[in-house]
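Participant: here's a sequence, model it:
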Amino acid sequence: VSNHGEFMSNKKTNAFGKSDKEACEWVFLSAMLSFQDRIAKEGGNAVVNIRSYYKKNEIRSSTEFECGAGAIMAGVTFLGDVVTLEQ
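Facilitator: Residues are numbered from 1 along each chain as shown. Alright, predicted model coming up:
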């Protein structure tokens, strides 16, 4: 029905004591929750066209994303379009 714009979710998390997989899954969830907050702020009801954009390297995949994981921090960046879909 309407497009409210493209938005970025750039999140980092403490990776200390976590495996890379665990830290990346945690920060992924944080980024998706950030999109959920953006939906409410913009008045939409969905985010579509989500793609990984870590260090400006765009990956369009429904199953994979890029995550930078180190001994102390892990981070992800996503782009997505906040929209209002017909219900």
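
Participant: ok, how many other residues are close to Tyr53?
Facilitator: Using other Cβ atoms under 10 Å, Tyr53 is surrounded by 20 other residues. (Each C-beta comes from the backbone N, C-alpha and C, glycine too.)

Participant: let me know whether it touches Gly80 as I believe.
Facilitator: No - Tyr53 lies out of contact with Gly80 (Cβ atoms under 8 Å); the separation is 9.5 Å.

Participant: hey, what's Asn3 bridged with?
Facilitator: Beta-bridge pairing of Asn3 under DSSP bridges involves Val83.

Participant: quick check: it vs Gly43, distance?
Facilitator: 12 Å (Cβ to Cβ, to the nearest Å).

Participant: between those two, which has more neighbouring residues?
Facilitator: Asn3 (13 against 10).

Participant: contacts only, for that one.
Facilitator: Going by Cβ atoms under 8 Å, 6 or more residues apart in numbering, Asn3 touches 81-83.

Participant: with distance to Gly68, pLDDT and neighbour count added, can I get the residues you listed in JSON lines?
Facilitator: Converted to JSON lines, the contacts of Asn3 look like this (distance: Cβ to Cβ, whole Å; pLDDT from 0 to 100; neighbours: other Cβ atoms under 10 Å):
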{"residue": "Asp81", "distance to Gly68": "24", "pLDDT": "98", "neighbour count": "16"}
{"residue": "Val82", "distance to Gly68": "25", "pLDDT": "98", "neighbour count": "22"}
{"residue": "Val83", "distance to Gly68": "28", "pLDDT": "98", "neighbour count": "18"}
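
Participant: dump these into CSV; add distance to Asn14 as well.
Facilitator: Listed next are those as CSV, based on distance: Cβ to Cβ, whole Å:
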residue, distance to Asn14
Asp81, 30
Val82, 28
Val83, 32
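
Participant: wait, what's in contact with Leu79?
Facilitator: So, once contact is read as Cβ under 8 Å, 6+ apart, Leu79 ends up touching 6-9, 49-51, 53, 58.

Participant: distance check, the nearest residue to Cys24 once chain neighbours are set aside against Asn10.
Facilitator: Residue nearest to Cys24 in three dimensions, not counting chain neighbours: Cys67, with 3.7 Å by Cβ to Cβ, 6 or more residues apart in numbering. Counting by Cβ to Cβ, the separation of Cys67 from Asn10 is 12 Å.
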